[in-house]
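Give me the fold of what follows.
(chains A and B)
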Amino acid sequence: MKVLFFARVREALDCPSLELTWSHELGSLDALQAHLCATGGERWTEVLGEDNMIRAVNQAVVEGDCPLADGDEVAFFPPVTGG
Amino acid sequence: MASPLLKVLVQREDFDIAALQRDLLQGDHQEGAVAGFTGYVRAANEQRRLHTMELEHYPGMTERSIEEILSQAAARWPVLAATVVHRIGELCPGDQIVWVGVASAHREAAFEACEFVMDYLKTRAPFWKRELGDDGGRWVDARDSDDQRAARWHEGDAD
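From the prediction side, this is the model:
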């Protein structure tokens, strides 16, 4: 499973991407986020917990939790500012 | 009506608006109107003088999300062709960032679809601007006014 971070989230975590082995413990978006916070510590908990954090699964924005499958691509990023 | 010609370009290079606009015309002279919008890098933002701007994006999702926006526009207005070009990487004040062009039989659809695409792109396409100014670098904050502009288009919609 691939996890991507963009813009100020990437910078705050000093991490552009991670490869994780899928397991039942990482079977949902919330579970994945909890895992990242547990392994990453305070910094990750603070950054990923920001109010306006956007989460995408397989390049589509997801509201709330959703199941994750092996091979999914997950991304965390701040509100967009293009155009 | 043939399905509309929808094109998305995400690139580092500058672009030629006249050539892009010509490419919207399909040779059968169905188009009565092309509406275009060009976005430029301003020299100052919120009183900060800008040296350069860095545009980051999410490769893959960027193209996909803009294609989706163009499809929505084409479902809502009688669009004959539409193109979005968006630049990434380092840009300077005065540089072109984005161009949206929409061809239709009549101006109303062209104007409205062009504005819709731009409003949605601002709030949905995964690009992020980082400004480098006199006092260092900072990420540009998203603006509520952009969300409100985009929200106008789905007032009354089921979703």
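
so where is chain B shaky, pLDDT-wise?
Applying pLDDT under 70 to chain B flags residues B:1, B:156-159.

That one against chain A: which residues are in contact?
B:39, B:55-58, B:60-61, B:64-65, B:86, B:97-98, B:118, B:121-130, B:139-142 (C-beta under 8 Å from any C-beta of the partner chain). For glycine as for every other residue, the C-beta is placed from the backbone atoms N, C-alpha and C.

buried subset of those residues?
Neighbour-count burial (16 or more other C-beta atoms under 10 Å in any protein chain shown) applied to the residues of chain B next to chain A gives B:39, B:55-58, B:61, B:64-65, B:86, B:97-98, B:118, B:121-130, B:139-140, B:142.

The residues you listed in strands, which ones?
Mapping these onto strands (DSSP state E) picks out B:39, B:55-57, B:86, B:97-98, B:127-130, B:139.

Can you name the residues bridging to whichever residue of chain B sits closest to chain A?
Relative to chain A, the nearest point of chain B is B:Phe127 (2.6 Å; C-beta to the nearest C-beta). With DSSP bridges as the criterion, B:Phe127 is bridged to B:His57.

pretty sure it contacts B:Met53?
No. Taking contacts as C-beta atoms under 8 Å, B:Phe127 lies outside contact range of B:Met53: 11.1 Å.

now B:Gly32, nearest residue through space, not along the chain?
Leaving out its chain neighbours, the residue that sits closest to B:Gly32 by C-beta to C-beta, 6 or more residues apart in numbering or on different chains is B:Ala105, at 4.8 Å.

neighbours around A:Glu73, how many?
16 (other C-beta atoms under 10 Å in any protein chain shown).

didn't it look like it was pressed against A:Val62?
No. A:Glu73 lies out of contact with A:Val62 (C-beta under 8 Å); the separation is 11.8 Å.

In chain A, which residue sits nearest chain B?
Counting by C-beta to the nearest C-beta, chain A gets nearest chain B through A:Gly82, at 2.6 Å.

ok, that residue - contacts?
The contact partners of A:Gly82, taken as C-beta atoms under 8 Å, 6 or more residues apart in numbering or on different chains, are B:55, B:57, B:86, B:97-98, B:121-122, B:125-129.

Which of those sits closest to B:Val8?
B:His86 (8.1 Å; C-beta to C-beta).

and the closest one, what are its bridge partners?
B:Val10, B:Val98.

which stretches of chain B form helices?
Using DSSP state H, the helices of chain B run over B:17-24, B:61-76, B:107-124, B:144-152.

can you count the residues close to B:Gly94?
Going by other C-beta under 10 Å, the residues that sit close to B:Gly94 add up to 9.

try A:Gly71
For A:Gly71, the count of nearby residues is 9 (other C-beta under 10 Å).

before we move on, what about B:Gly32?
Neighbour count of B:Gly32, defined by other C-beta under 10 Å: 13.

Phi first, then psi, for it.
phi -100, psi -10 (degrees, to the nearest 10).

And B:Gly136, how close does it get to B:His51?
Going from B:Gly136 to B:His51 by C-beta to C-beta, to the nearest Å gives 10 Å.

Neighbour count: those two, which is higher?
Shown here are B:Gly136 and B:His51; by other C-beta under 10 Å, B:His51 has more neighbours (13 against 7).

Go ahead and confirm that one touches B:Leu132.
Yes. Contact status for B:His51 versus B:Leu132: in contact at 4.9 Å, counting by C-beta under 8 Å.

which residues are in contact with both of the two?
By C-beta under 8 Å, 6+ apart, no residue touches both B:His51 and B:Leu132.

count of residues packed around A:Arg55?
19.

quick one, what contacts it?
Contacts of A:Arg55 (C-beta under 8 Å, 6+ apart): A:29, A:33, A:61-62, A:74-76.

Select only the buried ones of those residues in ChimeraX?
To isolate the buried members of the contacts of A:Arg55 in ChimeraX, using 16+ other C-beta under 10 Å:
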select /A:29,33,74,75,76
